[in-house]
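>>> pasted the sequence and its predicted model underneath.
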Amino acid sequence: MEKQAMYYGGYLQLDKVLDAQHPVSFEKGNEPAHDEMLFIVIHQAYELWFKQILFELDYVMQVFAQEKINDNSEDLNLVRHRLNRIIQIIQLLNQQVNILDTMTPLDFLEFRNLLTPSSGFQSKQFRLLEARLGLQLDKRHHKEYYKRTNEGGFTQPDYQHITDTETQASLLQLVNNWLERMPFFTDAYWKDYQSTAPDSLSHHPFWNDYRHIYQTGLTEREQNKIGDFDYVFFERAPEGSSAEQLDLLRSNFSPAAMRSALFIMLYRDFPMFQTSYQILDALIEIDHLMSNWRHKHLIMVRRMIGMRVGTGNTSGAGYLEGALSKHYVYRDLSGLSTYLIERKKLPRLPEELIRNLGFMH
Ligand code: HEM
């Protein structure tokens, strides 16, 4: 039998995709609201892009889930490449808010009541994205909102899917484990290292030196930062600090993972650290862009509905503000800038270490 020639609309299944926009206000008995079409199209476009992001994340997580990752394989480079693609997509999603902004609050009022109690809050893909990146239920603003399966909450199957995903290893945990496996501080590589710090604090010689250089570079007002340093990298909490204060310093990554991450950031100019550095930087950027989106969405919502409650039955703008300030996932990594020192003061790496960093970890 002759093979049918591929046809554009058939390949893309456009009959399905383009037959999925049905404004409720256009139904019999309702007053057609012109802007409801835009409202539907824009949400669908978001969901398609969420799908692509999750697809890219599947690959990234599959690489990090391996017990060992070979630095010289294509894996890490593809991870970097695909995280970068996710960044470009979220940038586009942020710009899409501008299109929605062409709808006025009065235009929205024409069909808003017809939507109740559905809301973007119920976007399963958005929740899966957050959970896979590493946002834990316990750290969510108003976590009780997420446990709803009544009106305004999730359907039972969606709820189950989100909950199951939350219990699996997130990208954050996988990256944490990968960082912990880094062999940078293996004693054998540091045999010939000349320590410069006057005192030894029972740390690895590199960290003794680094801590000393960091401390001497702090201004008078910053002296307390050395206590933060000891907590972030060595789990020694400054006296009298509360759990909340400590949580702000480091909440998701282990001290060992933070040590590797800082080391990568410090020596990023060495080609062997480049890919790892770009991966960490991409995670920080994704967090940053997600937060930009939350902010743009919040401002748009304030303009659109003021202080009214959301169709999804949260407090509306109030809820969104809390989510904006609390739902960072990679805050620990972006916080590493606090502990950087000037390039010219960096301890010189031992030859043995440089020779041995064609590693698997
Ligand atoms: C007229 C436009 C929009 C309004 C007035 C609006 C309003 C709201 C409100 C009030 C909430 C809080 C939950 C609730 O009580 O409903 C919310 C959450 C949310 N909306 Fe929108 N929204 C709009 C457009 C969009 C679009 C285009 C998307 C794209 C997918 C979206 C995605 C979300 C998401 C993901 C949440 C949960 C945010 C979080 O938990 O951090 N919204 N929206």
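Alright, I've got the coordinates.
>>> what does the stretch 101-250 of the chain have sitting close to the ligand?
Residues of the stretch 101-250 of the chain found near the ligand (C-beta under 6 Å from any ligand atom) are 108, 119-121, 123, 126. C-betas here are computed from N, CA, C, even on glycine.
>>> now do the contacts for the residue of the stretch 1-150 of the chain found nearest the ligand.
Proximity of the stretch 1-150 of the chain to the ligand (C-beta to the nearest ligand atom) peaks at residue 120, 2.2 Å away. For residue 120, the contact set (C-beta atoms under 8 Å, 6 or more residues apart in numbering) comprises 43, 126, 297, 312.
>>> now these in CSV, with pLDDT?
Converted to CSV, those look like this (pLDDT from 0 to 100):
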residue, pLDDT
43, 98
126, 98
297, 97
312, 80
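>>> coming back round to it: top of the residues of the stretch 101-250 of the chain next to the ligand by neighbour count?
Within these, residue 121 tops the neighbour count with 22 neighbours, counted by other C-beta atoms under 10 Å.
>>> wait, that residue touches residue 310, no?
Yes. Taking C-beta atoms under 8 Å as the definition, residue 121 is a contact partner of residue 310 at 6.9 Å.
>>> for stretch 312-319, buried residues please.
312-314, 316-317, 319 (16 or more other C-beta atoms under 10 Å).
>>> which ones are touching the closest residue to residue 142 other than its chain neighbours?
Leaving aside its sequence neighbours, residue 142 sits nearest to residue 319 (C-beta to C-beta, 6 or more residues apart in numbering; 6.0 Å). Neighbouring residues of residue 319 by C-beta under 8 Å, 6+ apart: 141-142, 145, 310.
>>> give me the buried subset of these.
Applying 16+ other C-beta under 10 Å to those flags 141, 145, 310 as buried.
>>> got TSV for these, with secondary structure and pLDDT too?
Shown next, in TSV, are these (DSSP: H, G, I helix; E, B strand; the rest coil; pLDDT from 0 to 100):
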residue	secondary structure	pLDDT
141	coil	93
145	helix	87
310	coil	85
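>>> related to what we said a few turns ago, between all of the buried residues of stretch 312-319, which two are separated the most?
313 and 317 (13.7 Å; C-beta to C-beta).
>>> distance check, the residue nearest to residue 142 against the ligand.
With distances taken as C-beta to the nearest ligand atom, to the nearest Å, residue 319 is found 5 Å from the ligand.
>>> what strand or helix carries that residue?
Using DSSP states H and E, residue 319 sits within helix 317-326.
>>> one step back: take the residues of the stretch 101-250 of the chain next to the ligand and keep only those in strands.
Residues of those located in strands (DSSP state E): none.
>>> next, format the residues you listed as TSV and append distance to residue 15.
Formatted as TSV, these follow (distance: C-beta to C-beta, whole Å):
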residue	distance to residue 15
108	30
119	29
120	27
121	31
123	25
126	27
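>>> pick out the most distant pair among those residues.
108 and 126 (20.3 Å).
>>> need the contact list for whichever residue of the stretch 251-361 of the chain sits closest to the ligand.
Using C-beta to the nearest ligand atom, the single residue of the stretch 251-361 of the chain nearest to the ligand is residue 310, 2.1 Å away. With contacts defined as C-beta under 8 Å, 6+ apart, residue 310 is in contact with 119, 121, 301, 316, 319.
>>> these two touch, right, the fourth one and residue 301?
Yes. With contacts defined as C-beta under 8 Å, residue 316 counts as touching residue 301 at a distance of 6.8 Å.
>>> show me which of the contacts of residue 120 is closest to residue 347.
Closest approach to residue 347 among those (C-beta to C-beta): residue 126, at 43.5 Å.
>>> number of residues surrounding the closest residue to the closest one other than its chain neighbours?
Nearest non-adjacent residue to residue 126, counting by C-beta to C-beta, 6+ apart: residue 50, 6.1 Å away. Using other C-beta under 10 Å, residue 50 has 19 other residues around it.
>>> before we move on, what about residue 153?
Neighbour tally, residue 153, other C-beta under 10 Å: 20.
>>> just confirm it is within a helix.
No. Going by DSSP: H, G, I helix; E, B strand; the rest coil, the assignment for residue 153 is coil, not a helix.
>>> what sits against it?
Going by C-beta under 8 Å, 6+ apart, the list of residues near residue 153 reads 122, 145-147, 159.
>>> of those, which pair is most distant in space?
122 and 147 (13.2 Å).
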